[in-house]
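Undergrad: Model the following, please.
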Amino acid sequence: MHHAGRPSARGGSSRSRSAGRRRPAKAANARQDTEFALPETRTPALPPVAAFADLPMPPRLLAALAAQGVTDPFPIQAATLPDAIAGRDVLGRGRTGSGKTLAFGLAVLTRTAGRRAEPRAPLALVLVPTRELAQQVTDALAPYADAVGLRTATVVGGMPISRQANALKRGVDVLIATPGRLADLVERGDCRLGEVRTSVLDEADQMTDMGFLPQVTRLLEQTPPGGQRMLFSATLDRNVDKLVRGFLDDPVTHSVDPAAGAVTAMEHHVLHVADDDKQDTTAHIAARDGRVIMFVGKKHGADRLVRKLAARGVRAAALHGGKSQSQRNRALEGFHNEDVTVLVATNVAARGIHIDDLDLVVNVDPPADHKDYLHRGGRTARAGRAGTVVTLVLPDQRREMADLMAKAGITPRITEVRPGDGELARITGARTPPARPAAQNPAQQRNADQNPSRTSRRRGGTGDARQDTRATSTDAASGSRRQSGDAQRNNARDTRATSTDAASSRSSRRQSGDAQEGRAASADVASGRGSRRRGGGARQD
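TA: Next up, the predicted model:
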């Protein structure tokens, strides 16, 4: 299960001004300014284990782990599983990619095995902030749940609520959910939480950042007070503190591989670029030999960048909250299969993407704060592997970026670059784009062949269908097919794209499938209203 990190061949630069590694003293001080003191534990923690076979798990579960080639636990699994299986409340600090899904998942399955849920009354609950993360947790647990005969289901926004209600009616032992959609199902009477004996909050800090705290609080209040609760988070800020103090009883605390601590496995580069060079610099990086995730600040910016990259021969796809769930799934599938080599994402995807062997993340637009930086960067250097995080910084962004990196506890290498520059190629593998429109990948071709515009009208124009139609126009393949159009059609297309964004927002607000998540055209941002009250709409894409 453990994989040795690939050694980096990247050395120093004559124009680099720092080491690109963690700044120990300031990092600790910066985190202390925002994070709460860990709660005192009255009962000592159990010792960690060296192998899964040392844990009191069902034999069929151990056999399933062996069949998957999973024998040696990651540190957070070795530390938390003994206490979690024993029924203790757990506070686990570990970044995405540290192995925490199995850290709580195996405990949930072990403690639920042998029981059978009644209709609409799940026995275990896992709450996550985004649709992508919900699906990934479900996929990660599926072979092990099957091995012990447990039924799992995923309930998230952007998917038909009636199907999810029917699944709950048939009986679900372990439910993986986003807070907004689950709140809707509870309100409709399709789900009761009174039988939940084990509750998990995964990525708790992101849930609070996105405004889910009120929904999460109300949901946990409906679970039995004596049940087991586990909370996992990359950072421990004041909002997470409210959940810890309110719902965890004498929790055992394990802090393994915290978000900022993982920077030692990464190289961090701040590339100073001129305004006129940013577009070409981005295209050269995107044309590298290998996959890359590029983060931008806005949905329409992601769609626009995909079109520009496609026009220059780079196979790219966009991932953001304005896409329907089916389109988001296709984008991720294409990236996993390398049908597309560039995934252009907004912050909504920063914690919902699990990509193995991804060695480069690029912040085309600098993040809003240091936590966003850490979570964007967390898409690389997963499970101890090496990785590089690059941020493109314009002249007027330099001071703000320096402050952000100081808060993150990182001293990056700072380099001035231009398109075609040797330093740019050394750091990122950049090369000149092919300069011919990118060919359609199979997923994009299927999407075009299905002509979702007419399909959505035949279905009665639901919110998701309209979203599918609009987002299709932003696919990389669509961008490449329109390259031969004249300037007048290009202008008209830009006008339509602007109208599309506005229509997408209005349509999303009209969706009735999820009273919370449907209000925000991003991944299950059930806190749309709460975010606006906090003035945090920009962070929600």
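
Undergrad: For the stretch 1-150 of the chain, which segments are assigned as strands?
TA: 21-22, 90-93, 124-127 (DSSP state E, counting those that start in this stretch).

Undergrad: Against which helices or strands is the last one packed?
TA: Using 3 or more C-beta pairs under 8 Å, 6 or more residues apart in numbering; DSSP states H and E as the contact criterion, the neighbours of strand 124-127 among helices and strands are helix 100-112, strand 174-177, strand 198-201, helix 213-221. Where C-beta positions appear, they are placed from N, C-alpha and C, glycine not excepted.

Undergrad: what does it rub up against?
TA: 104-105, 108, 111-112, 137, 173-179, 182, 193, 196-202, 207, 216, 219, 223 (C-beta atoms under 8 Å, 6 or more residues apart in numbering).

Undergrad: Break the protein down into its domains, please.
TA: Domain segmentation of the chain under automatic domain parsing yields 35-258, 265-428, 442-511.

Undergrad: Return the set of buried residues in stretch 108-127.
TA: Neighbour counts over stretch 108-127 (16 or more other C-beta atoms under 10 Å) mark 108-113, 117, 120-127 as buried.

Undergrad: Show the end-to-end separation of that stretch, please.
TA: One end of stretch 108-127 to the other measures 13 Å (C-alpha to C-alpha, to the nearest Å).

Undergrad: What of stretch 163-176?
TA: Note: stretch 163-176 ends 15 Å apart using C-alpha to C-alpha.

Undergrad: Low-confidence bits of the stretch 101-250 of the chain, can you list those?
TA: 238 (pLDDT under 70).

Undergrad: Do a quick rundown of the helices in it.
TA: 131-147, 161-170, 179-188, 204-209, 213-221, 238-247 (DSSP state H, counting those that start in this stretch).

Undergrad: helices and strands around the longest one, which ones?
TA: Think helix 131-147. helix 59-67, helix 100-112, strand 152-155, strand 174-177, helix 325-336.

Undergrad: what's the closest of these to residue 247?
TA: helix 100-112 (14.8 Å; C-beta to C-beta).

Undergrad: Pull the residues that contact the closest one.
TA: Contacts of helix 100-112 (C-beta under 8 Å, 6+ apart): 52, 55-58, 61, 65, 70, 73-74, 76-77, 80-81, 84-85, 87, 90, 92, 94, 123-124, 126, 136-137, 140-141, 144-145, 148, 150, 173-174, 197-198, 200, 202, 228, 230, 232.

Undergrad: one step back: which of the helices of the stretch 101-250 of the chain sits most buried?
TA: Burial of the helices of the stretch 101-250 of the chain is given as mean neighbour count (mean count of other C-beta atoms under 10 Å); helix 204-209 ranks first at a mean of 26.

Undergrad: Restrict it to CA atoms and write it as CSV.
TA: In CSV, the C-alpha atoms belonging to helix 204-209 read as follows (Å, rounded to 0.1, in the frame of the first residue of the first chain):
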residue,chain,number,x,y,z
ALA,A,204,-15.0,19.1,8.6
ASP,A,205,-13.1,22.3,8.0
GLN,A,206,-14.3,22.6,4.4
MET,A,207,-17.9,21.9,5.5
THR,A,208,-17.7,24.8,8.0
ASP,A,209,-15.9,27.0,5.4
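
Undergrad: Now do that helix: everything it contacts.
TA: In this structure, residues lying in contact with helix 204-209 by C-beta under 8 Å, 6+ apart are 127-130, 179, 201, 213, 216, 231-237, 239-240, 242-243, 351, 371, 375, 539.

Undergrad: With stretch 43-57 instead?
TA: With C-beta under 8 Å, 6+ apart as the test, stretch 43-57 has contacts from 62, 65, 70-73, 75, 78-79, 81-83, 85-86, 88, 106, 110, 250, 252-254.

Undergrad: let's see it at 7 Å
TA: 62, 65, 71-73, 78-79, 81-83, 85-86, 106, 110, 250, 252 (C-beta atoms under 7 Å, 6 or more residues apart in numbering).

Undergrad: Mark which of those are buried, thanks.
TA: 62, 65, 73, 78-79, 81-83, 85, 106, 110, 252.

Undergrad: Looking at those residues, spot the one nearest residue 189.
TA: Lowest distance from residue 189 to these (C-beta to C-beta) belongs to residue 110, with 30.7 Å.

Undergrad: nearest residue to residue 189 other than its sequence neighbours?
TA: Leaving aside its sequence neighbours, residue 189 sits nearest to residue 120 (C-beta to C-beta, 6 or more residues apart in numbering; 7.8 Å).

Undergrad: Tell me which residues touch the one you found, please.
TA: Here residue 120 is in contact with 168-169, 190-192 (criterion: C-beta under 7 Å, 6+ apart).

Undergrad: For these, give me CSV that also has distance to residue 407.
TA: Output for the contacts of residue 120, formatted as CSV (distance: C-beta to C-beta, whole Å):
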residue, distance to residue 407
168, 42
169, 48
190, 43
191, 40
192, 43
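
Undergrad: picking up where we left off before, okay, the strands of the stretch 1-150 of the chain in a markdown table with distance to residue 283 next?
TA: Below are the strands of the stretch 1-150 of the chain laid out as a markdown table (distance: least, C-beta to C-beta, whole Å):
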| stretch | distance to residue 283 |
| --- | --- |
| strand 21-22 | 29 |
| strand 90-93 | 38 |
| strand 124-127 | 40 |
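
Undergrad: Minimum distance to residue 39: which of the ones you listed has it?
TA: strand 90-93 (7.1 Å).

Undergrad: Which strands border that closest one, and is each parallel or antiparallel?
TA: Strand pairing for strand 90-93, using DSSP bridges, gives strand 228-233 (parallel), strand 252-255 (parallel).

Undergrad: which residues touch the last one?
TA: It stands for strand 252-255. Contacts for strand 252-255 (C-beta under 7 Å, 6+ apart): 38-39, 41, 45, 76, 79-80, 83, 88, 90-93.

Undergrad: For PyMOL, write the selection for the buried entries among those residues.
TA: The command below creates a PyMOL selection of those among the contacts of strand 252-255 that count as buried (16+ other C-beta under 10 Å):
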select buried, resi 39+45+76+79+80+83+88+90+91+92+93
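
Undergrad: Strands of the stretch 251-400 of the chain, residue ranges please.
TA: Counting by DSSP E, counting those that start in this stretch, the strands of the stretch 251-400 of the chain are 252-255, 266-272, 292-295, 316-319, 342-345, 360-363, 387-393.

Undergrad: wait, which of those is closest to residue 411?
TA: strand 266-272 (7.7 Å).

Undergrad: contacting residues around the closest one?
TA: By C-beta under 7 Å, 6+ apart, the residues outside strand 266-272 that reach it are 8, 10, 20, 377, 380-381, 387-393, 398, 401, 410, 412-417, 427.

Undergrad: Specify which residues of this structure, grouped into ranges, have pLDDT under the cut-off.
TA: Using pLDDT under 70, the chain drops low at 1-37, 95-97, 238, 256-265, 348-354, 381-386, 437-541.

Undergrad: Try it again at 80.
TA: 1-41, 94-98, 234-238, 255-265, 325, 348-357, 375, 378-386, 435-541 (pLDDT under 80).

Undergrad: Near residue 201, how many other residues are there?
TA: When neighbours are defined as other C-beta atoms under 10 Å, residue 201 has 30 of them.

Undergrad: Okay, the residue lying closest to it once chain neighbours are set aside and residue 285: tell me how far apart.
TA: Excluding its sequence neighbours, the residue lying closest to residue 201 (C-beta to C-beta, 6+ apart) is residue 231, at 4.5 Å. Per C-beta to C-beta, to the nearest Å, residue 231 is found 37 Å from residue 285.
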